[in-house]
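Colleague: how does the following fold in three dimensions:
(2 chains)
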Number of protein chains: 2
Amino acid sequence: MDSSEHKVDKENHQHPSVNFMEPRGFGTKLKSEIRETLFPDDPFRQIQNEEKPLRQFVKGIQYFIPIFDWLPKYNLKLLRYDLLAGLTITSLAIPQGISYAKLANIPPINGLYSSFIPPIIYAVMGSSRHMAVGTIAAASLLIYQTISSAVRPEDNPTLYLHLVMTATFITGIFQAALGFLRLGILVDFFSHSTITGFMQGTAVILCLQQLKGVFGLKHFSSKTDIVSVVEAIWHNRHEIRWETTVLGLIFLGFLQFTRYLKQRKPKLFWVSAIAPLTTVIIGGLFTYLIKGQKYGIQIVGNLDRGLNPISIQHLNFESQYLPTVLKTGIITGILSLAEGIAIGRNFAVLENTPHDGNKEMVAFGLMNMFGSFTSCYLTSGPFSKTAVNYNAGCKTAMSNLVQAVLMALTLIFLAPLFKYTPLFALSAIIISAMIGLMDYHAIVHFFKVDKFDFMICMAAFLGVIFVAMDVGLVLSILLGLLRALLYVARPATCKLGKLPNSSLYRDMEQYPFSTEIPGVLIIQLGSPIYFANSNYVKERIMRYIRSEQSSDVDGSIVDFVILDLSGVTSIDMTAIEGLLELRRVLEKNGMQTLIVNPRMDVMEKLMLSHFVDKVGKETFHLTLDDAVAASQFALRKSRANDAGSSSSGTD
Amino acid sequence: MDSSEHKVDKENHQHPSVNFMEPRGFGTKLKSEIRETLFPDDPFRQIQNEEKPLRQFVKGIQYFIPIFDWLPKYNLKLLRYDLLAGLTITSLAIPQGISYAKLANIPPINGLYSSFIPPIIYAVMGSSRHMAVGTIAAASLLIYQTISSAVRPEDNPTLYLHLVMTATFITGIFQAALGFLRLGILVDFFSHSTITGFMQGTAVILCLQQLKGVFGLKHFSSKTDIVSVVEAIWHNRHEIRWETTVLGLIFLGFLQFTRYLKQRKPKLFWVSAIAPLTTVIIGGLFTYLIKGQKYGIQIVGNLDRGLNPISIQHLNFESQYLPTVLKTGIITGILSLAEGIAIGRNFAVLENTPHDGNKEMVAFGLMNMFGSFTSCYLTSGPFSKTAVNYNAGCKTAMSNLVQAVLMALTLIFLAPLFKYTPLFALSAIIISAMIGLMDYHAIVHFFKVDKFDFMICMAAFLGVIFVAMDVGLVLSILLGLLRALLYVARPATCKLGKLPNSSLYRDMEQYPFSTEIPGVLIIQLGSPIYFANSNYVKERIMRYIRSEQSSDVDGSIVDFVILDLSGVTSIDMTAIEGLLELRRVLEKNGMQTLIVNPRMDVMEKLMLSHFVDKVGKETFHLTLDDAVAASQFALRKSRANDAGSSSSGTD
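Modeller: Now for the predicted structure:
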């Protein structure tokens, strides 16, 4: 389409012109917007597609309670895989349950309880086939940090435990509510750089915390930042026992060796999977045989036989503790959701199954609610366990049920056996797990690609290491939000030039061989234009014009300013008024404004606000070529007028 | 360009292909980004354009201290206009100064002081030619509301006054700092709907406050919300004096009549401009002659002769009051800035002069700082006064100097004359001014065009009327920020179809007669894609694909998914990983992904993150037509292969 052959007469256009359509009704638009915001994955389409009401009902039940979806299709062949996977993750659940409970400073038996009831709930309500639920390290430490500001576990262990379970209940309510209200959108606001920085920082401080167990210290710091920990170690260095240190390092070496083995021969992943349980057993045997307590080796201590006692009567909502409990519940809730959802999504993508974050939130919420009624504390979907579950070949959520059954057996029969497990063995297990999580490559990658992402990551990382976990998290999230706002406050604009041998227009900075059209300035706008950036956009356009006019090139007079709105996804009243103002100012300076290709939403607003009436339909063009052609036509006409008479200017 | 003739071989393309260029260095990009964010109006270009160093220096001085810019060009002709304008605005400054000071519950003389020093500072440092500075109603009430929560003016008027001046000092520092740090961007975040709703709500509650003066009540509510005020009036109805009510209504009628006159005959604007001063004088005369105090008519009270006393020694930074003072200073600072900047911008657009918000902030800041040293309180650029200044034909900021001189004369000679001004006259003046500001058309217009804007406006309006001024303001700003975040969390996407008789692709919903290409799904993305919306974008694309596949149309198999990135202005790491994941999932399902026309910023990130290496350069195309042609070529090739052998599938 050679532009010189274009006529302004729209009937002769070979393609259609801009569509000035009737705006959609408010009801239609609102319904569409709510659907996009809250139900982007259109979950009910399946149900609606069914024809018979009975089938619809069944589909509905299957949607809300996933176990009714996969259990009818279950068979012995799947069970084989799930049994093996369940066995493997239980061997991980025992050491993780005991050591993470110690991180949270609650009795280790509660860590084991937390791998009994919650997996059952998840198997019923959860929709991920690979998720293995259990306790998580970072949140356990965060629970200790936050609740100990109100009640210290050394002072009043019973009250402390009750508050922890109350916080778990709050978490459950919060997560289930988020899921029901389809507010999964909130978790999206955790940028990948925030999560990476936070997890890396947490891995570091968790390792630091384990130095207490490895060195066999009795006194330590209740703070987690690196300076306090180093100070505490220095201050109590007379308590360091070479025995626990050496033994701890031996176990650590063993665990790291099994990891190395897994990397070299992936088929041997199960070795590193059962290594923690092996460490626990060997450590316990060793300590029992040499009567380690005589040497001052600290052990886990008594673990009562029996299943989870009911604990709903212990939930403590007293107003003096309630603020702390609420804060703990909500922060750990968001944190554990972010991790659990991210991991579920990860594996869903690998297996190409749809992943409904909101449904998962409901499952996690119910897990924690019922968990808090049965002496469990915060659970989610820890990465290590889920990865082991996946590698062990699990097929459905049955692996969680297997884990629950095996854990029940352990609680009934085997629990007391873990009494002699030395703390340095648990520390070695945690340190090994954390080293496995450390990944400086990711952080370097951020630095190379996107410096702002790197800053967000570092804010979390350094905040967690040098101040506190919640400070690092909040700081990083605020930076992420700031970035989101800056994106919209300074939308990208660029000047377009025509590509040779085509009717295409591209950014002149990106395609330097594109050329300008004399007398015409084409500016491409992007992103929504609204109050937060409307003034900026106007100033920027004025600056483009001033640059043009002050350049030394001949014919630097700007007669037409063409605004390409293809990239503008929405507009508000402030922006519309801004456009009107801009047009007025340009007109006063002898420049005409043309608008190209507004999107549907934008067009509707422009019509409703009578902008179209005020500027006239001839201002709008479907393509840049049309607009340029219209401008050339008008310029030729005005030059013809000038030649015909001695007066100047058509405007 | 007929797509069937396209070859994939790039050398035969008639137009260039995608530019895989070297990313710009970090330094270049950072400099460019800082410049866009903080200096969008490129203020130093003028200075840099000068060649001689002396001229550069002079230009620099003129930039920073505007009086050196316009004063040398001053002449007697301009002075004529400015004298008249200055006289007119002084006649407004006297009643406004007295009544707004009463709104803030400080001695009226301070209101008059505030039209002496601040206008001088503004004339030196300010860059708007029409701005007339003085006290403002809304902020005066807000000052009273906020500071009286710490110290009530009835209990300790001296301390109260000192705290008000300290708050003014804080405001000055804050505004000047914002200006120096070029953080004018913050004021942009006040959406027009927020300001409208807030101003309308404030107009209503200010009228309500005046009922105390009109009814002649002695006791009133310290709260401003409508319920408290109505309750207070009812509770104290026995105090209502018919005399003040009748007289107040008479004055109000007079003022409204002069406004009506202005609307009918715009040349008579000066009548409504001097009406308030006339009201003050007549009211004072009347009260003096009938010895109104005997009838219980409340008057302004003693006004001392003399210029502003130095008050820097009275600034009170005691820690018990500091939080309140800081809060007042900052909130009123932002509020007065929003109004002053908006008004300056308004008139600058009318006159087509550039407007530098940041410079204006510095001017306002210095006004308030030096004001607080000289017994003034918060000043800004009130709309009414500036409008009068403009209508009276002011030409430069000299009108402010004239105002200052006339006010000085008033303070030295005439101040005690205003002692007998009755409060009901001041109330009538304020009510009349507020009625002039009320504009329900604007709110109705919001409702028609943009329901979210309407909500934001209503939040401010109802919040101010039913709760408190700061609550209404904060609520509205939060809604605005929420909107900003929602814009980016749910970016608009659409499916593109080809327009008949062209190589153009447009939104199929907007242009329903566009057609799809068999086997190809074209999706247009918009706005920045990053962590907050990356998952949504992926889900949305998957949903488009599922919709396609489940439709009944023949050939609903999707072989190619083409993503049009022309509208995507930037991208971050999370989004890049999301795209990689998406491509992986699509590949597993037998679909190929093509990417069209990425912008410069996006292309750089895609290259730095090795996305381009991972997906291959052939994934990228410059135009949709190219991408469609490439897909058709590949499809024909694979069908040829299928025909040639019995095996199926090329992927």
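Colleague: where does the stretch 501-650 of chain A have low pLDDT?
Modeller: Where the stretch 501-650 of chain A drops to pLDDT under 70, the residues are A:552-556, A:645-650.
Colleague: can you show me the helices along it?
Modeller: Here the stretch 501-650 of chain A has its helices, by DSSP state H, counting those that start in this stretch, at A:531-550, A:573-588, A:600-608, A:611-615, A:624-644.
Colleague: any idea how far A:Ile310 is from A:Ser375?
Modeller: 8 Å (C-beta to C-beta, to the nearest Å). Bear in mind the C-beta positions are built from the backbone N, C-alpha and C, glycine included.
Colleague: quick one, which of the two is more surrounded?
Modeller: A:Ser375 (24 against 9; other C-beta atoms under 10 Å in any protein chain shown).
Colleague: right, and that one touches A:Asn308 too?
Modeller: Yes - applying C-beta atoms under 8 Å, one finds A:Ser375 in contact with A:Asn308, separated by 4.7 Å.
Colleague: shared neighbours of those two, which are they?
Modeller: A:Tyr113 (C-beta atoms under 8 Å, 6 or more residues apart in numbering or on different chains).
Colleague: what parts of the stretch 51-200 of chain A come near chain B?
Modeller: A:185, A:188-194 (C-beta under 8 Å from any C-beta of the partner chain).
Colleague: run the last query once more with 10 Å
Modeller: A:184-196 (C-beta under 10 Å from any C-beta of the partner chain).
Colleague: next step: those residues restricted to helices.
Modeller: A:185-188, A:192-196 (DSSP state H).
Colleague: returning to what we had before: any chance of the helices of the stretch 501-650 of chain A in a markdown table, plus mean neighbour count and distance to chain B?
Modeller: Putting those into a markdown table (neighbours: other C-beta atoms under 10 Å in any protein chain shown; distance: least, C-beta to the nearest C-beta, whole Å) gives the following:
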| stretch | mean neighbour count | distance to chain B |
| --- | --- | --- |
| helix A:531-550 | 20 | 3 |
| helix A:573-588 | 20 | 4 |
| helix A:600-608 | 21 | 4 |
| helix A:611-615 | 16 | 9 |
| helix A:624-644 | 17 | 9 |
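Colleague: residues in contact with the most centrally placed residue in chain A?
Modeller: In chain A, the centroid-proximal residue (C-alpha atoms, centre = their mean) is A:Phe190; its distance is 3.9 Å. Taking C-beta atoms under 10 Å, 6 or more residues apart in numbering or on different chains, we find A:Phe190 in contact with A:198, A:334-335, A:337-339, A:341-342, A:473, A:476-477, A:480, B:531-532, B:574.
Colleague: same check on A:Lys73?
Modeller: Per C-beta under 10 Å, 6+ apart, neighbours of A:Lys73: A:Thr396.
Colleague: distance of the residue nearest to A:Ala104 when sequence neighbours are not counted from A:Gln96?
Modeller: Leaving aside its sequence neighbours, A:Ala104 sits nearest to A:Ser140 (C-beta to C-beta, 6 or more residues apart in numbering or on different chains; 4.0 Å). Distance, A:Ser140 to A:Gln96, using C-beta to C-beta: 10 Å.
Colleague: cool, A:Gly111 as well?
Modeller: Distance from A:Gly111 to A:Gln96, by C-beta to C-beta: 7 Å.
Colleague: between those two, which contacts overlap?
Modeller: A:134-135, A:140.
Colleague: looking at the residues you listed, which is nearest B:Ser550?
Modeller: When these are ranked by distance to B:Ser550 (C-beta to C-beta), A:Gly134 comes first, at 37.8 Å.
Colleague: check contacts around the closest one.
Modeller: A:89-90, A:92-93, A:96-97, A:100, A:111, A:114-115, A:118-119, A:122, A:379-382, A:384-386, A:400, A:403, A:407.
Colleague: same deal with A:Val204?
Modeller: Counting by C-beta under 10 Å, 6+ apart, A:Val204 has contacts A:224, A:226, A:434, A:437-438, A:461, A:464-465.
Colleague: so which helix or strand takes in it?
Modeller: Secondary structure assigned from DSSP states H and E places A:Val204 in helix A:192-215.
Colleague: now that helix: average pLDDT?
Modeller: Averaging pLDDT along helix A:192-215 gives 86.
Colleague: and whichever helix or strand comes after that helix with helix A:192-215, angle?
Modeller: Past helix A:192-215, further along toward the C-terminus, the next helix or strand under DSSP H and E is helix A:226-235. Interaxial angle, helix A:226-235 versus helix A:192-215 (axes from the mean of the first three to the mean of the last three C-alpha atoms, to 10 degrees): 10 degrees.
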